[in-house]
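**Q** Provided below are the primary sequence and the corresponding predicted coordinates.
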Amino acid sequence: MEYTVENIQKMLALTKEGKREFLDNLYQFLNENRLTALDYQRIKILSTAPICPRCDCEYVTKAGVSDGRQVYKCNKCGYRFRETAKSLVYYSHKYYLLMDYIKCMLEGKSLRACAREVGISLPTSFKWRHKILAAIQGLEGGISFSGITEADELLMQYSEKGRRYKTLEEKEKAINTVHPNVAVLVMTDREGNLLFKHTGENRVHNSQIKEELRRRVSEKNLICFKPNDEFTQAVKESPSKKVLVKSQTEKILVRRKTKGLAVYSVNIVEKKITNFLVWMMRFRGVATKYLQNYLMWFVVMNKYLKGKVESDIGRLLNLSSHDRWAWERYFRLIKLKY
């Protein structure tokens with residue numbers, strides 16, 4: 001085990017190319033060394049200083065061993081915890097099956113099919129999917145764009161799929177309630193960076209667009225967008241260069257000016273939206289409160305994964321192990337009420 005820990009800690013200090021090669025072989029490496037998702041999560045967390053999951057205090061001390069695992073105590077609030085508390089594997093009694101479950105997810109199998117193949121219940125299959133998806137939500141903060149950046153909005157129908165009603169009256173009220181569309185901001189560039197972000201109801205608002213532009217683009221970017229009052233006002237106040245793409249005719253004129261290069265258009269972002277909608281059809285509807293999980297899943301598939309199941313298992317495990325508070329994020333989500 002010490003040899004394995006040393007190897008993985010060396011991996012964490014590798015160059016980008018070295019890490020890519022290691023992650024491609026991570027699943028095979030863990031299997032050969034008889035390691036589980038829990039072991040990998042522990043190693044990832046132990047590569048940094050322990051932090052109290054209750055108060056975020058870094059002043060913690062070792063407080064004995066329980067079931068062969070180190071226990072820590074917070075010097076500020078007195079909370080006792082293990083290194084994997086509130087992480088992806090927290091409260092996962094069958095953690096040794098988690099990599100098999102990730103494999104089923106990457107193969108595009110349904111919740112029932114995943115449960116049947118891995119050997120877990122359907123509720124556990126649902127929980128594991130959303131634990132993994134909650135764990136990758138932290139990657140959204142690091143998304144930024146360079147060069148030519150395209151922006152658009154996607155409107156989707158509100159959904160309460162899976163909701164359980166306590167009374168018949170509650171069900172009738174929910175059925176008769178008319179909900180506004182759900183708005184999603186979509187941005188991408190020519191380098192493959194991608195953002196799908198659920199922003200609220202009806203449409204993406206000016207203030208939301210401005211905030212995302214402030215966080216993710218610079219004055220060196222060139223932003224392409226379609227005629228839209230909210231986008232026009234937000235982009236106008238951005239220090240970046242702007243190109244308003246009004247019609248297909250204008251795209252053709254721009255191509256001629258740039259010697260045949262289709263530089264200024266929103267073709268790529270429109271294609272990403274189309275691909276996303278086609279991909280979502282396999283789920284036969286998603287509850288709106290879980291929508292951001294699926295938006296980020298699509299982003300991760302397009303940005304970080306290679307489309308090769310064996311290598312992507314290790315990559316997705318590594319990404320979902322980054323967030324040491326993944327369980328807390330998941331717990332807040334499932335407690336959201338309609």
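**A** On my side now, so go ahead.
**Q** So residue 231 versus residue 29, what's the distance?
**A** Residue 231 sits at a distance of 46 Å from residue 29 (criterion: Cβ to Cβ, to the nearest Å). Using the backbone N, CA and C atoms, a C-beta is placed for each residue, glycine as well.
**Q** ditto for residue 47
**A** From residue 47 to residue 29 the distance is 16 Å (Cβ to Cβ).
**Q** quick one: which of the two has more around it?
**A** Counted by other Cβ atoms under 10 Å, residue 47 and residue 29 do not tie: residue 29 has more neighbours, with 18 against 13.
**Q** got the residue ranges for the strands in the stretch 151-300 of the chain?
**A** All strands of the stretch 151-300 of the chain, identified by DSSP state E, counting those that start in this stretch, fall at 182-189, 194-201, 222-225, 241-244.
**Q** ok, residues contacting the first one?
**A** Residues external to strand 182-189 that are found in contact with it (Cβ atoms under 8 Å, 6 or more residues apart in numbering): 145-158, 194-204, 208-209, 212, 216, 221, 268-269, 272-273, 288, 291, 295.
**Q** Keep only those of the residues you listed that are in helices.
**A** When DSSP state H is applied, these are split such that 208, 209, 212, 216, 268, 269, 272, 273, 291, 295 fall in helices.
**Q** lowest-pLDDT helix or strand in the chain?
**A** Least confident helix or strand, the chain: helix 248-257 with a mean of 46, by mean pLDDT, DSSP states H and E.
**Q** follow-up on the earlier one: closest one of the ones in helices among the contacts of strand 182-189 to residue 173?
**A** Nearest to residue 173 among the ones in helices among the contacts of strand 182-189 is residue 291, at 22.3 Å by Cβ to Cβ.
**Q** how far away is the closest one from residue 183?
**A** In this view, residue 291 and residue 183 are 11 Å apart by Cβ to Cβ.
**Q** and for these two, which residues touch both?
**A** Each of residue 198 lies in contact with both residue 291 and residue 183 under the rule Cβ under 8 Å, 6+ apart.
**Q** would you list every one of the strands in the stretch 1-150 of the chain?
**A** Remark: strands assigned in the stretch 1-150 of the chain by DSSP E, counting those that start in this stretch are 60-66, 69-74, 80-82, 148-156.
**Q** and the gap between the residue lying closest to residue 80 once chain neighbours are set aside and residue 67?
**A** Distances taken as Cβ to Cβ, 6 or more residues apart in numbering place residue 73 nearest to residue 80, at 5.1 Å, with adjacent residues excluded. According to Cβ to Cβ, residue 73 stands 17 Å off from residue 67.
**Q** now do residue 101
**A** Using Cβ to Cβ, residue 101 is found at 23 Å from residue 67.
**Q** Can you pick out the residue with more neighbours from these two?
**A** Neighbour totals were compared for residue 101 and residue 67, and residue 101 leads with 27 against 6 (other Cβ under 10 Å).
**Q** surely the more buried one meets residue 114?
**A** Yes: contact status for residue 101 versus residue 114: in contact at 6.0 Å, counting by Cβ atoms under 8 Å.
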